[in-house]
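**Q** kindly generate the corresponding structure for this input.
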Amino acid sequence: MKLFFPTCLAAIMYLLGTQIAFAACLPDSLYITRHAEKLDEKGNHDPNLSERGQARAQRIADMLADINIHRLFSTPYNRTKQTLTPLSQHKNLSITEYDPREQAAFIHQLKNNYCNQTLVIAGHSNTVPSMLQDLGIHFNVSLGKYRFNYQPSIILSEHEFGQLFFIRFNNDTPILEVLSSDS
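**A** Numbering: from 1, shown residues only. Now for the predicted structure:
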């Protein structure tokens, strides 16, 4: 009986420890892109991709063809879903929609639910920059000998479509590489 309680306590602590360890398991890597070029249709809040956008979506699929991808995520808009459609078809993966207005919950999900997986995410010019920062991407900015003490904002203009942000984690520290999907 004297050994029963310490043994149970040790078992409970072990199980709690493994649950905590699993809860903090990060994805292996993420590829995050802004949607490709869209049609310019006045009054249409959910346009499809233009021909240039369709070509870019195919280039992204070609760039990631040899990568073992586990999941695809997109906002519920045509332009983001269509950006990932060629990749979805090539990899035979469905596209899971996320709500860009619930970004904090989505980032928490990414950081905790996809242990050692490779994810591809399509977003928007106003969501991708904050997503990168929420994932822990920081920039060291200096001007001459002056080093800025604050984190500058990442900005994507309405005319920038070519960046594919590749993030991998090294001991929980995100490392960013910016790839180009330009032709």
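**Q** can you pull out the strands in this structure?
**A** Secondary structure of the chain, counting by DSSP state E: strands at 29-34, 71-74, 95-97, 118-123, 142-143, 146-147, 163-170, 173-180.
**Q** for Glu41, which of the ones you listed is the nearest?
**A** Minimum separation from Glu41 across the strands of the chain (CB to CB) falls at strand 29-34, 18.5 Å. (C-beta placed from N, C-alpha, C; glycine too.)
**Q** just the helices in this structure please.
**A** Assigned by DSSP state H, the helices in the chain fall at 4-23, 51-63, 78-91, 103-113, 128-134.
**Q** what count of nearby residues applies to the nearest residue to Phe169 once chain neighbours are set aside?
**A** In space, and not counting its chain neighbours, Phe169 is closest to Leu26: 4.8 Å by CB to CB, 6 or more residues apart in numbering. Leu26: 22 surrounding residues under other CB atoms under 10 Å.
**Q** ok, now which ones touch Leu26?
**A** Leu26 makes contact with Lys111, Cys115, Phe169, Asp172, according to CB atoms under 8 Å, 6 or more residues apart in numbering.
**Q** can you get me a residue count around the second one?
**A** Residue crowding around Cys115 was assessed by other CB under 10 Å; the count is 14.
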